[in-house]
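J.: sequence and computational prediction follow.
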Amino acid sequence: MGGLEPPALVMMNEEKTRQYVTAILDQMPTFSRFILGTGDATAHGTPVANLRAVSEVVSQYPWK
(Lines give C-alpha, C1' and ligand atoms only; values in the text may rest on other atoms or scores of the structure.)
Protein backbone atom coordinates (compact mmCIF):
# COMPACT_ATOMS: atom_id res chain seq x y z
CA MET A 1 0.00 0.00 0.00
CA GLY A 2 1.35 3.38 -0.94
CA GLY A 3 3.68 4.36 -3.71
CA LEU A 4 2.74 8.02 -4.04
CA GLU A 5 4.91 10.33 -1.96
CA PRO A 6 2.82 13.14 -0.43
CA PRO A 7 5.60 15.76 -0.75
CA ALA A 8 5.91 14.97 -4.47
CA LEU A 9 2.20 15.47 -5.11
CA VAL A 10 2.17 18.85 -3.44
CA MET A 11 5.11 20.17 -5.49
CA MET A 12 4.24 18.92 -8.99
CA ASN A 13 1.91 20.29 -11.62
CA GLU A 14 -0.75 18.11 -13.31
CA GLU A 15 1.47 16.93 -16.17
CA LYS A 16 4.34 15.97 -13.85
CA THR A 17 1.83 14.17 -11.63
CA ARG A 18 0.59 12.15 -14.62
CA GLN A 19 4.15 11.23 -15.56
CA TYR A 20 4.98 10.33 -11.95
CA VAL A 21 1.97 8.04 -11.53
CA THR A 22 2.52 6.41 -14.92
CA ALA A 23 6.16 5.72 -14.04
CA ILE A 24 5.13 4.06 -10.77
CA LEU A 25 2.56 1.87 -12.50
CA ASP A 26 5.04 0.96 -15.24
CA GLN A 27 7.45 -0.32 -12.57
CA MET A 28 4.90 -2.52 -10.78
CA PRO A 29 5.97 -6.18 -10.91
CA THR A 30 2.34 -7.29 -10.64
CA PHE A 31 -1.09 -5.70 -10.57
CA SER A 32 -2.40 -8.22 -8.08
CA ARG A 33 -3.41 -7.06 -4.62
CA PHE A 34 -2.06 -3.56 -4.31
CA ILE A 35 -3.39 -0.17 -3.29
CA LEU A 36 -1.93 2.87 -4.99
CA GLY A 37 -2.07 5.79 -2.62
CA THR A 38 -0.14 8.10 -0.35
CA GLY A 39 -0.02 5.60 2.48
CA ASP A 40 -1.71 7.60 5.17
CA ALA A 41 -1.53 11.26 4.24
CA THR A 42 -2.08 13.89 1.61
CA ALA A 43 0.02 16.96 2.26
CA HIS A 44 -1.71 20.25 3.03
CA GLY A 45 -1.76 22.36 -0.11
CA THR A 46 -1.83 19.46 -2.56
CA PRO A 47 -3.68 20.76 -5.61
CA VAL A 48 -6.98 18.97 -6.16
CA ALA A 49 -6.06 18.91 -9.86
CA ASN A 50 -3.12 16.63 -8.99
CA LEU A 51 -5.39 14.21 -7.16
CA ARG A 52 -7.72 14.19 -10.14
CA ALA A 53 -4.74 13.56 -12.42
CA VAL A 54 -3.89 10.45 -10.37
CA SER A 55 -7.44 9.15 -10.86
CA GLU A 56 -7.33 9.90 -14.58
CA VAL A 57 -4.06 8.02 -15.06
CA VAL A 58 -5.36 5.01 -13.15
CA SER A 59 -8.62 4.93 -15.11
CA GLN A 60 -6.81 5.22 -18.47
CA TYR A 61 -3.79 3.02 -17.72
CA PRO A 62 -3.44 0.01 -20.05
CA TRP A 63 -3.75 -2.68 -17.38
CA LYS A 64 -1.95 -5.85 -18.41
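T.: Cool, the structure landed.
J.: poorly predicted segments of the chain, please.
T.: Per-residue confidence for the chain (pLDDT under 70) gives these ranges: 1, 64.
J.: could you redo the last one with a cut-off of 80?
T.: Along the chain, segments meeting pLDDT under 80 span 1-2, 64.
J.: which parts of it are strands?
T.: Taking DSSP state E, the strands of the chain run over residues 2-3, 36-37.
J.: who's in contact with residue 18?
T.: Remark: with contacts taken as CB atoms under 8 Å, 6 or more residues apart in numbering, residue 18 is in contact with 53, 56-57. C-betas here are computed from N, CA, C, even on glycine.
J.: cool, residue 14 as well?
T.: Residue 14 touches 47, 49-50, 52-53, counting by CB under 8 Å, 6+ apart.
J.: filter the residues you listed to the buried ones?
T.: With neighbours counted using 16 or more other CB atoms under 10 Å, these contain these buried positions: 50, 53.
J.: what about the residue nearest the centre of the chain, distance to residue 15?
T.: Centroid-nearest residue in the chain, with CA atoms, centre = their mean: residue 21, separated by 4.0 Å. Between residue 21 and residue 15 the distance is 11 Å, computed by CB to CB, to the nearest Å.
J.: including mean neighbour count and distance to residue 9, could the strands of the chain go into TSV?
T.: Written out in TSV, the entries for these read as follows (neighbours: other CB atoms under 10 Å; distance: least, CB to CB, whole Å):
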stretch	mean neighbour count	distance to residue 9
strand 2-3	14	11
strand 36-37	16	11
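J.: in a markdown table: these, plus distance to residue 61.
T.: Output for the strands of the chain, formatted as a markdown table (distance: least, CB to CB, whole Å):
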| stretch | distance to residue 61 |
| --- | --- |
| strand 2-3 | 13 |
| strand 36-37 | 10 |
